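[1] Give me the fold of what follows.
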Amino acid sequence: MKHGRHEVSEPKKREIEVMIISAEDLQDVKKFGKMRCYVVAYIDSDHKASTRIDEDGEIKPTWNEKLLLAADDELLSNIWAAITVEIYCYSHMRDKLVGTARILISDVLKGGDPANPSDNPIQCIAVQVRRPSGRPQGILNIWVPPTGRFLLHRASLSLNMKDTEVTPNAHNGGAAEKNEKGKEEEEVHPHSSSSFH
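    Residues are numbered from 1 along each chain as shown. Presented below is the predicted three-dimensional model:
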């Protein structure tokens, strides 16, 4: 973009990889039938990504899905910048917001070399999910690599939460870190099958 003789550069965009693993103990917002949940995640609300719909888990859905979240460097450098994860219940008429979880970028992104295992350990966190009213209800299990990029190939990213160990974490409103041993009013949302909105 040019203004007279001055050229203004566009903010540099960066993509952060996150793994949306699963959730548990969610509020059942479906009056009839079973809950079918999906996730919408973003750092910048203009660049959202979504998972597939879990068909069987109901209040404990599993996705094991990698999302790319885009944001510019200026936003990522803000100490209050956060990954927002919204869990929705799919409906043929209108989708309901089940709850929201937020993770501060400064708590999870530490920099380093994505190809170096010591810089990029497998470190999952359990984050408190809050209902639209603010009441805590449910846990989101998510993996954000410290470098913002996964070391493993996409086909190897599936995690079994039974193989993880939970330790207390003071951040993220009651979140807990999980280190892998082996490998109330409702809001509505128009669901899209596309990963990016």
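
[2] give me the beta-bridge partners of residue 38?
    In this entry, residue 38 is beta-bridged to residue 88, by DSSP bridges.

[3] For it, give me its contacts.
    By Cβ atoms under 8 Å, 6 or more residues apart in numbering, the contact set of residue 38 is 50-54, 63, 87-88, 90, 191. Just so you know, the C-beta spots here come from the backbone N, C-alpha and C atoms, and that holds for glycine as well.

[4] What is the nearest of those residues to residue 96?
    Of all the contacts of residue 38, residue 96 sits closest to residue 88, with 6.6 Å by Cβ to Cβ.

[5] before we move on, the earlier item: out of the contacts of residue 38, which two sit at the greatest distance?
    63 and 191 (14.2 Å).

[6] Show me which of those two is the more surrounded one.
    Taking other Cβ atoms under 10 Å, residue 63 and residue 191 do not tie; residue 63 has more neighbours (23 against 18).

[7] pLDDT at that one, what is it?
    The score at residue 63 is 97. That number is its pLDDT.

[8] could you point out which element follows whichever strand or helix holds it?
    In this assignment (DSSP states H and E), residue 63 forms part of strand 62-72. Next along the chain after strand 62-72, taking DSSP H and E as the criterion, comes helix 73-76.

[9] Which elements pack onto that following helix?
    For helix 73-76, the elements it packs on are strand 13-24, judged by 3 or more Cβ pairs under 8 Å, 6 or more residues apart in numbering; DSSP states H and E.

[10] now with 10 Å?
    strand 13-24, helix 105-108 (3 or more Cβ pairs under 10 Å, 6 or more residues apart in numbering; DSSP states H and E).

[11] For the residue nearest to residue 44 when sequence neighbours are not counted, grab the count of nearby residues.
    Among residues not flanking residue 44 along the chain, residue 71 sits closest, at 4.4 Å (Cβ to Cβ, 6 or more residues apart in numbering). Using other Cβ under 10 Å, residue 71 has 23 neighbouring residues.

[12] Specify the beta-bridge partners of residue 71.
    residue 14.

[13] how about the helices and strands packed on helix 73-76 in a markdown table, adding distance to residue 98, mean pLDDT and mean neighbour count?
    Shown next, in a markdown table, are those (distance: least, Cβ to Cβ, whole Å; pLDDT from 0 to 100; neighbours: other Cβ atoms under 10 Å):
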| stretch | distance to residue 98 | mean pLDDT | mean neighbour count |
| --- | --- | --- | --- |
| strand 13-24 | 8 | 91 | 20 |
| helix 105-108 | 23 | 86 | 18 |
